[in-house]
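Peer 1: Task: produce atomic coordinates for the following.
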Amino acid sequence: MIKKEKFPMHLLSLICLLLLSTTTLSETFRLTAAGPQSANLPFIGVISSLVVPESNKRLQEMGSEHRIAWREAYGGSLYKWQDSLEAIEVGLTDIGWVGALWETSKMPLQNVTYYTPFVTDDLPLLVDIFNELHETMPELSQAWDNQNQLLLGASGVETYHLMTTFPVNQVQDLEGRKILAPGASATWLEGTGAVAVNGGLSTYYTQLDTGVADGVLTILSGAYPYRLHEVAPYITLVGLGAQFHGGLSVNKKTWERLPTDIQTVLSQLGKEYSHTVATEVMQRYNYAISSMQQENATITTLSDAEKQKWINVLPDIAGRWAESAEKRGHPAKATLSTYMTSFRERGGQPLRDWDVAP
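Peer 2: Numbering: from 1, shown residues only. Model prediction:
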C-alpha cells in the first residue's frame, strides 16, 4: 500500500497568504458614471471618452493592481437634468456631471459668472480659474461637500452672442424687442430697452418662428444643432462672456472608500476633463460660426463703442446678486472679489470691474 505524503502545512499557509494578498491587490471597484443629457454634449461625452477609458490605463501604467469596472448611463437613463446634483448626493451614480447653474439655492456662489457679464470670452482660462478657486476657497468646496460630493473638474460654455430676426448695429436697435434670455441671463438685457422672454434651447426655434420672440441670447455651439439661424439669421457677436456652469463630481462616500491610487488618477483626470471639455466646446463654437455663415446667416460684430454702451447701461447686477446671497448667509462678496482678482492676476482685463462699487 502506497503511503500518501502529507502536504507541508507551512507551504499551504504560504499559498493561502499569497492568494489572499493577490485578491486584495487586484481588487476591482465597481463605479457608475452617468449624465442627465446625451454624450453628444462635451461635458457629458468627455466622461465616456476620457475619464472612463483612461482611468484603468493610468492605473496600469502606475503599477497599481486596482481596477475600475465601469457602468455607464447617459442620456437621462438614470435621472433627468433637474436631478443631477441629487443623483450624485444620494449615490444613484458614483460620478457624473452636475449642472450648478440650475442650483441657485443650494449652490449660489457657483453662479457668480452669470451675474458678471463681459468679463472674459476665454473658456479654458475660466475653467482653470474655477478649478483653482474650488481648491483655495473653502466656501466653494463646502457647497459640494454639503451635497455629499466632491468636484473633480469644472466645466463651462463659450461666450454668449445675440441671434435675431432683424439686424442689430447698435444697442438702441434692441429697444422694445422681445429677446429670449432665461434665468440670470435676463439681467444682461437690463437697461437696453429689450424685454426678456423665458425659454430654452428646445423651445427657441418655435418661439422665434412664431413671433413669440424677436431674438435670443445664446451659445452658438448650442444654437447651430437646433438650426436657430434658419429663423434668426442675424448673428451679432457681442461677447457677453463664457460661463462656469458645473462640472464632474463624485459621491463623497464613494470617494472615501476608494484607495489612494484611484483617487489620484481620478483627480488628475478631473483637471484633464476640464481642459478637454473647454477645448471641445471651442471647436464646436468655431464650427458653428463657420457653418452658419456658409448657410447664409449674416454675422456681424458689435462695435467696441456700442459694446461699451451696453456695458454702461447695465445696473450693478453683480452687487445686487451679492447682497441677496449675503442675506441668505453666503459669502458672495468675497467670492465675487476673489473671482475678479484671480482673473486679473492671470492677465485678464474685464470690460467692467464688477467687484468695484459703481
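Peer 1: Any regions of the stretch 1-150 of the chain where pLDDT drops low?
Peer 2: 1-26 (pLDDT under 70).
Peer 1: Mind jotting down where the helices sit in it?
Peer 2: When assigned using DSSP state H, counting those that start in this stretch, the helices of the stretch 1-150 of the chain occupy the ranges 9-25, 42-46, 52-61, 84-89, 123-136, 138-145.
Peer 1: next one: the stretch 151-300 of the chain
Peer 2: Using DSSP H, counting those that start in this stretch, helices in the stretch 151-300 of the chain cover 201-209, 220-223, 252-257, 260-294.
Peer 1: So for residue 110, which of those helices sits nearest?
Peer 2: helix 260-294 (14.3 Å; CB to CB). Every residue, glycine included, has its C-beta placed from N, CA and C.
Peer 1: just checking, what packs against the closest one?
Peer 2: In terms of contacts (3 or more CB pairs under 8 Å, 6 or more residues apart in numbering; DSSP states H and E), helix 260-294 is packed against helix 42-46, helix 52-61, helix 123-136, strand 149-157, helix 220-223, strand 243-251, strand 298-301.
Peer 1: Tell me which of the helices of the stretch 151-300 of the chain lies nearest to residue 193.
Peer 2: Per CB to CB, nearest to residue 193 of these: helix 201-209, 19.3 Å.
Peer 1: contacting residues around the closest one?
Peer 2: Residues from elsewhere that reach helix 201-209 (CB atoms under 8 Å, 6 or more residues apart in numbering): 165, 180, 197, 199, 212-216, 218, 222-223, 226-228, 230-232.
Peer 1: what distance separates the start and the end of stretch 338-355?
Peer 2: 9 Å (CA to CA, to the nearest Å).
Peer 1: quick one, domains of the protein?
Peer 2: Annotated domains of the chain cover 28-156+245-285, 161-241+298-345 [automatic domain parsing].
Peer 1: circling back: CSV for the helices of the stretch 1-150 of the chain, including mean neighbour count and distance to residue 292?
Peer 2: Converted to CSV, the helices of the stretch 1-150 of the chain look like this (neighbours: other CB atoms under 10 Å; distance: least, CB to CB, whole Å):
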stretch, mean neighbour count, distance to residue 292
helix 9-25, 10, 54
helix 42-46, 24, 19
helix 52-61, 15, 33
helix 84-89, 22, 29
helix 123-136, 20, 19
helix 138-145, 17, 36
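Peer 1: export the ones you listed to a markdown table and tack on distance to residue 341?
Peer 2: What follows is the helices of the stretch 1-150 of the chain, written out as a markdown table (distance: least, CB to CB, whole Å):
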| stretch | distance to residue 341 |
| --- | --- |
| helix 9-25 | 46 |
| helix 42-46 | 27 |
| helix 52-61 | 34 |
| helix 84-89 | 28 |
| helix 123-136 | 10 |
| helix 138-145 | 14 |
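Peer 1: roughly how far apart are the nearest residue to residue 289 once chain neighbours are set aside and residue 114?
Peer 2: Nearest residue to residue 289, sequence neighbours excluded (CB to CB, 6 or more residues apart in numbering): residue 220, at 6.0 Å. Residue 220 sits 18 Å away from residue 114, going by CB to CB, to the nearest Å.
Peer 1: repeat for residue 149
Peer 2: Distance from residue 149 to residue 114, by CB to CB: 21 Å.
Peer 1: More neighbours: which of the two?
Peer 2: residue 149 (25 against 21; other CB atoms under 10 Å).
Peer 1: residue contacts, residue 107?
Peer 2: Applying CB under 8 Å, 6+ apart, one finds that residue 107 lies in contact with 85, 100, 143-144, 147.
Peer 1: Show me what the nearest residue to residue 180 once chain neighbours are set aside bridges to in the sheet.
Peer 2: Excluding the flanking residues, the one nearest residue 180 by CB to CB, 6+ apart is residue 216, at 3.8 Å. With DSSP bridges applied, residue 216 shows beta-bridge pairing to residue 163, residue 180.
Peer 1: isn't residue 216 right next to residue 196, touching?
Peer 2: No: with contacts counted by CB atoms under 8 Å, residue 216 stays clear of residue 196, the gap being 10.5 Å.
Peer 1: okay, those two: which has more neighbours?
Peer 2: Counted by other CB under 10 Å, residue 216 and residue 196 do not tie: residue 216 has more neighbours, with 28 against 20.
Peer 1: give me every residue that touches the more buried one.
Peer 2: 162-164, 179-181, 199, 204, 208, 223, 228, 232.
Peer 1: Let's have these in JSON lines, adding neighbour count.
Peer 2: Shown next, in JSON lines, are the contacts of residue 216 (neighbours: other CB atoms under 10 Å):
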{"residue": "162", "neighbour count": "27"}
{"residue": "163", "neighbour count": "26"}
{"residue": "164", "neighbour count": "22"}
{"residue": "179", "neighbour count": "23"}
{"residue": "180", "neighbour count": "26"}
{"residue": "181", "neighbour count": "25"}
{"residue": "199", "neighbour count": "20"}
{"residue": "204", "neighbour count": "26"}
{"residue": "208", "neighbour count": "23"}
{"residue": "223", "neighbour count": "22"}
{"residue": "228", "neighbour count": "25"}
{"residue": "232", "neighbour count": "26"}
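Peer 1: That's all I had, so thanks and see you.
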